[in-house]
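Student: Provided below are the primary sequence and the corresponding predicted coordinates.
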Amino acid sequence: MTENAVRILIVDDEPPIRKLLRVGLSAQAYAVSEAMNAKVAMELAVSDKPDLIILDLGLPDMSGHDLLAKWRGEGMTLPIVILSSRTDEAGIVKALELGADDYVTKPFGMSELGARIRVALRHRLQAQGEKPVFQTGELSVDLVKRIVKVAGRDVKLSPKEYDILRILVQHAGKVLTHRFLLEHVWDGLTDVQYLRVYVRQLRQKIEATPDQPRYILTETGVGYRLAAPD
C-alpha cells in the first residue's frame with residue numbers, strides 16, 4: 001500500500017461484511033480502516049482523514065441516517081456511499097436527501113461497489129468545475145453551447161427536457177432522487193408524474209431503444225442515474 005493510496009473508512013457492524021469489504025478494497029489498492037459502530041466511526045473520521053466513507057444504515061448505537069446528518073451538518077464534504085438492504089427504498093431516498101453520494105444494496109458485488117466509489121471520488125475531484133462537453137457512448141452534451149448530439153446527429157430538446165439532461169450530466173454516474181430533480185427543474189413541484197413524462201420523452205429522443213435505456217437509467221423507487229462518462 002502506498003502512502004498516496006485513497007483512504008476508505010468502512011462503517012458496518014457486521015464482521016463478515018467488513019471482512020469482505022476490507023479484502024476486496026485492499027485488492028484494489030485502497031487503504032482501509034474499519035468502524036463497527038458510530039462512536040468509532042466519528043473518531044476515525046477525524047484521526048484517519050478518509051477520502052471516502054462506506055456507511056451501513058443499521059448501526060447498533062446510532063442510525064446511519066443520524067450519523068450522516070451529523071456529518072453533513074458539521075460541514076463534512078467527503079463522499080459517503082451507503083450500504084442498504086435491497087427492499088429499503090425509503091431509507092435509500094432519505095439517505096440521498098441527507099447528503100449521501102450514492103448507494104449499493106446488499107448483497108452487492110465488489111465490481112459494482114468499485115464503480116460507485118470511482119464515480120463518487122471523481123465527482124469530488126471535479127467539484128470545482130465541470131467539463132464543458134460531456135460524452136458517454138454516442139451521446140454528447142455541450143453545456144456551454146447547449147448542443148445535444150447522438151451519433152453526431154443534433155437532437156432538439158424542449159427547455160424542460162434540456163434542464164433534466166443538464167442536471168443529470170452535471171451529476172453523471174450518481175443517482176438523483178425524484179425530489180432532487182423536481183426541485184431543480186420545477187422549483188419544488190412535487191408530482192413525480194411530471195418528471196416521468198419528461199424522462200420518457202427525453203429517452204425517445206436520445207435512446208436507440210427507449211424501453212431499454214442505455215443512458216438514462218431508472219433506480220426503482222429512488223430516481224434516475226445518467227451513465228457515467230467514457
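Tutor: Cool, the structure landed.

Student: for the rest of this, base every contact and every neighbour count on C-alpha atoms.
Tutor: Noted.

Student: contacts for the worst-scoring helix or strand of the chain on mean pLDDT, please.
Tutor: Within the chain, confidence by mean pLDDT, DSSP states H and E is lowest for helix 110-125 among all helices and strands, at a mean of 83. For helix 110-125, the surrounding residues in contact (C-alpha atoms under 8 Å, 6 or more residues apart in numbering) are 21, 24-25, 51-52, 78-81, 101-104, 171, 173-174, 228.

Student: please parse the chain into its domains.
Tutor: The chain is divided into the following domains under the TED database: 5-126, 131-224.

Student: redo those as TSV? Include mean neighbour count.
Tutor: Supplementary listing: these in TSV, determined by neighbours: other C-alpha atoms under 10 Å:
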stretch	mean neighbour count
domain 5-126	17
domain 131-224	16
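
Student: low-scoring stretches of this protein, by residue?
Tutor: When the per-residue scores of the chain are filtered using pLDDT under 70, the ranges that remain are 1-4, 86, 124-132, 188, 230.

Student: what's the strand or helix carrying residue 199 packed up against?
Tutor: When elements are defined using DSSP states H and E, residue 199 is found to belong to helix 192-206. Helix 192-206 sits against helix 159-170, helix 178-185, with contacts defined as 3 or more C-alpha pairs under 8 Å, 6 or more residues apart in numbering; DSSP states H and E.

Student: and of these, who's closest to residue 91?
Tutor: Shortest distance between residue 91 and those, using C-alpha to C-alpha, is found for helix 178-185: 14.1 Å.
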